[in-house]
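**Student:** sequence and predicted structure below; questions after.
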Amino acid sequence: MKEVTALGLFSGGLDSILACRVIMAQGIRVVALKFVTPFFDDALLRRQEEYRAGVQEKYGIDVRIVDLSEGYIELLRDPKHGYGKHFNPCVDCKIFLLRRARALMNEYGASFLITGEVLGQRPMSQRRDTLRVIERESGCEDILLRPLCAKLLVETQPEREGQVDRHKLLAFSGRGRRRQMNLAADFGIGQYPSPAGGCILTDPNLAARIEHYYQGRINLAAADLQVNDIRLLLVGRQFRLPDGSWFVLGRDEKENSRIEDLAGEADWLFHMPERPGPTGLLRRAGIRVAGSASEQDVIRACAGLVVRYGRKNKGRIEPGEVLLNRGDEQCMIMAEPLDDALFSGWQF
Ligand code: SF4
């Protein structure tokens with residue numbers, strides 16, 4: 001008999017693990033798709049093999065990482081179904097992920113899709129009517145099976161055609177976790193992530209930064225938004241300088257090194273060679289600041305911020321030398337620490 005394959009949307013949370021295992025328990029091959037964007041699970045792109053091996057070892061699930069960064073940045077501009085409590089467009093997000101999963105079905109020889117959604121578990125995106133909207137707008141009506149609550153929903157094609165035994169599916173609903181925990185124990189799964197998600201669009205502080213960026217309050221044309229910008233937004237201290245320039249400062253060595261990694265050709269980097277302190281990055285300065293009337297003011301402000309957050313000497317913040325690296329050219333600037341009162345309104 002021909003092997004049946006399903007593609008699973010895999011967040012890595014318990015519900016998605018269980019959804020895969022419930023279907024695998026029927027002898028169906030499941031390929032789990034772990035979608036990543038700069039807003040969730042971005043770091044996995046740098047350790048894909050380790051992640052895949054870990055999921056296989058802990059849960060027996062074959063997972064593939066799929067990078068959706070480019071399209072997702074567009075989605076966030078104006079999601080049709082709006083945002084949740086913060087900057088999280090959960091309904092549009094699920095539609096987007098399902099569309100991408102559907103587009104991958106041929107490649108994996110899959111005949112249907114599964115998710116770990118549970119009816120009524122989340123107020124916005126898991127109501128019965130919203131589940132219908134999600135499957136309809138993603139083009140997945142009838143091929144999207146939700147194993148954890150399938151018995152409460154309309155029968156789908158894989159159930160009707162006998163690929164999946166509906167009697168062995170579940171009828172979970174609501175916010176309680178007890179049934180999921182019991183089911184995990186039945187599968188011999190002892191350790192799993194806590195339900196609190198890793199999506200930064202639901203984090204009040206980081207979501208506010210991202211919203212700030214999307215609202216165009218930084219001196220960048222909307223068309224310029226890039227994946228790398230989102231990554232930079234999530235590091236260190238963020239400043240919008242008086243001319244609208246975007247400046248970022250690392251708070252420790254790890255962030256300094258991340259900022260250096262994220263620097264592009266047009267970015268200018270600042271640091272103090274003789275004293276421990278932050279690395280500063282002035283985004284797209286080679287295009288937006290170089291040669292402008294405010295160039296010298298901007299450089300002074302950036303150097304002053306680097307000194308302000310540098311290591312103190314006997315409790316005092318002293319003037320310091322800051323090296324400005326702008327591509328092929330380097331120059332040393334003697335800078336006074338910037339007064340807190342001056343830049344308090346610049347941070348976002
Ligand atoms: S919490 Fe984040 S990843 Fe999850 S559905 Fe909402 S926007 Fe998407």
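**Tutor:** Structure received.
**Student:** quick one: least confident helix or strand in the chain?
**Tutor:** helix 204-214 (a mean of 88; mean pLDDT, DSSP states H and E).
**Student:** ok, residues contacting that helix?
**Tutor:** 39, 76-77, 86-88, 200-201, 218, 225, 229-230, 233-234, 238, 348 (CB atoms under 8 Å, 6 or more residues apart in numbering). All C-beta atoms are positioned from the backbone trio N, CA, C, and that covers glycine.
**Student:** which ones among those residues lie within strands?
**Tutor:** Counting by DSSP state E, the part of the contacts of helix 204-214 found in strands is residue 238.
**Student:** please, a PyMOL command that selects the buried ones among the contacts of helix 204-214?
**Tutor:** Restricted to buried positions by 16 or more other CB atoms under 10 Å, the PyMOL selection for the contacts of helix 204-214 reads:
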select buried, resi 39+76+86+87+88+200+201+218+225+229+230+233+234+238+348
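**Student:** closest to residue 250 among the contacts of helix 204-214?
**Tutor:** residue 238 (11.3 Å; CB to CB).
**Student:** please list all residues in contact with that closest one.
**Tutor:** So residue 238 contacts 209, 246-248, 347-348 (CB under 8 Å, 6+ apart).
**Student:** measure it to the ligand for me?
**Tutor:** Using CB to the nearest ligand atom, to the nearest Å, residue 238 is found at 21 Å from the ligand.
**Student:** and the pLDDT for that residue?
**Tutor:** Looking at residue 238, its pLDDT is 95.
**Student:** kindly report the same for residue 190.
**Tutor:** For residue 190, the model assigns a pLDDT of 89.
**Student:** the nearest residue to it once chain neighbours are set aside: how many residues sit nearby?
**Tutor:** Once flanking residues are discounted, residue 190 sits nearest to residue 184: 7.6 Å by CB to CB, 6 or more residues apart in numbering. Here the number of neighbours of residue 184 (other CB atoms under 10 Å) works out to 19.
**Student:** so which helix or strand takes in residue 184?
**Tutor:** Using DSSP states H and E, residue 184 maps to helix 178-186.
**Student:** by contact count, what packs against that helix?
**Tutor:** helix 14-24 (3 or more CB pairs under 8 Å, 6 or more residues apart in numbering; DSSP states H and E).
**Student:** what pLDDT does the model give residue 327?
**Tutor:** Per the predicted model, pLDDT is 85 at residue 327.
**Student:** for it, phi and psi?
**Tutor:** Main-chain torsions, residue 327, degrees, to the nearest 10: phi 70, psi -120.
**Student:** from residue 268, how far off is it?
**Tutor:** For residue 327, the distance to residue 268 equals 8 Å [CB to CB, to the nearest Å].
**Student:** and residue 50, by the same measure?
**Tutor:** 35 Å.
**Student:** the more surrounded of these two?
**Tutor:** Each of residue 50 and residue 268 has its neighbours counted (other CB under 10 Å); residue 268 has more, 24 against 10.
**Student:** sorry, back to before: so is the least confident helix or strand of the chain next to the ligand?
**Tutor:** No - Helix 204-214 is not in contact with the ligand by CB under 6 Å from any ligand atom; minimum separation 9.7 Å.
**Student:** what residues sit buried inside that helix?
**Tutor:** 206-207, 209-214.
**Student:** and the furthest pair within those residues?
**Tutor:** Pairwise over the buried residues of helix 204-214, using CB to CB, the maximum falls at 206 and 214, 12.8 Å.
**Student:** and the closest residue in space to residue 231 that isn't next to it in sequence, how far from residue 260?
**Tutor:** Leaving out its chain neighbours, the residue that sits closest to residue 231 by CB to CB, 6+ apart is residue 38, at 5.3 Å. As judged by CB to CB, residue 38 and residue 260 stand 18 Å apart.
**Student:** ok, the residue nearest the centre of the chain - contacts?
**Tutor:** Nearest to the mean C-alpha position of the chain, by CA atoms, centre = their mean, lies residue 39 at 1.5 Å. Residue 39 sits next to 72, 76, 199-201, 210, 230 when contact means CB under 8 Å, 6+ apart.
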